[in-house]
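**Student:** have a look; sequence and predicted model below, questions after that.
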Amino acid sequence: MSRTFNAWPKIMRTSTAAAYCDMGLRTFKARVSQGRFPQPLFKTGNQNYFHRDEIDKYFSRYFDDDMPEVF
């Protein structure tokens, strides 16, 4: 039996979430603050944390499953 492992964590800090979306940190932060991306799941100190599934849901609204993984 083969198992698939997703290397991206379910809960991601801002820098990890930006990398997951394949964009720069400033661009990611700007889109979050503009309300164009999912909001953080929670904040600890000055660090925001995002849920991978929420990011995936956001992108699935705009891209069909048949399209290549491009943003």
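**Tutor:** The structure has been received and is ready for your questions.
**Student:** helices or strands up against the helix or strand hosting residue 58?
**Tutor:** Assessed by DSSP states H and E, residue 58 sits inside helix 52-62. If you count contacts as 3 or more C-beta pairs under 8 Å, 6 or more residues apart in numbering; DSSP states H and E, helix 52-62 packs onto helix 14-20. Bear in mind the C-beta positions are built from the backbone N, C-alpha and C, glycine included.
**Student:** who are the packing partners of the helix it packs on?
**Tutor:** Judged by 3+ C-beta pairs under 8 Å, 6+ apart, the packing partners of helix 14-20 are helix 25-33, strand 47-51, helix 52-62.
**Student:** so which of these is nearest residue 13?
**Tutor:** Set against residue 13 and scored by C-beta to C-beta, the helices and strands packed on helix 14-20 come closest in strand 47-51, at 5.8 Å.
**Student:** buried residues in that closest one, which are they?
**Tutor:** For strand 47-51, the neighbour count (16 or more other C-beta atoms under 10 Å) marks 48-51 as buried.
**Student:** any chance of these in JSON lines, plus distance to residue 60 and pLDDT?
**Tutor:** Below are the buried residues of strand 47-51 laid out as JSON lines (distance: C-beta to C-beta, whole Å; pLDDT from 0 to 100):
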{"residue": "48", "distance to residue 60": "22", "pLDDT": "96"}
{"residue": "49", "distance to residue 60": "21", "pLDDT": "98"}
{"residue": "50", "distance to residue 60": "16", "pLDDT": "97"}
{"residue": "51", "distance to residue 60": "14", "pLDDT": "97"}
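**Student:** check the residues you listed and tell me the two furthest apart.
**Tutor:** Top of the distance list for the buried residues of strand 47-51 (C-beta to C-beta): 48 and 51, 11.1 Å.
**Student:** where does this structure dip in pLDDT?
**Tutor:** 1-5, 64-71 (pLDDT under 70).
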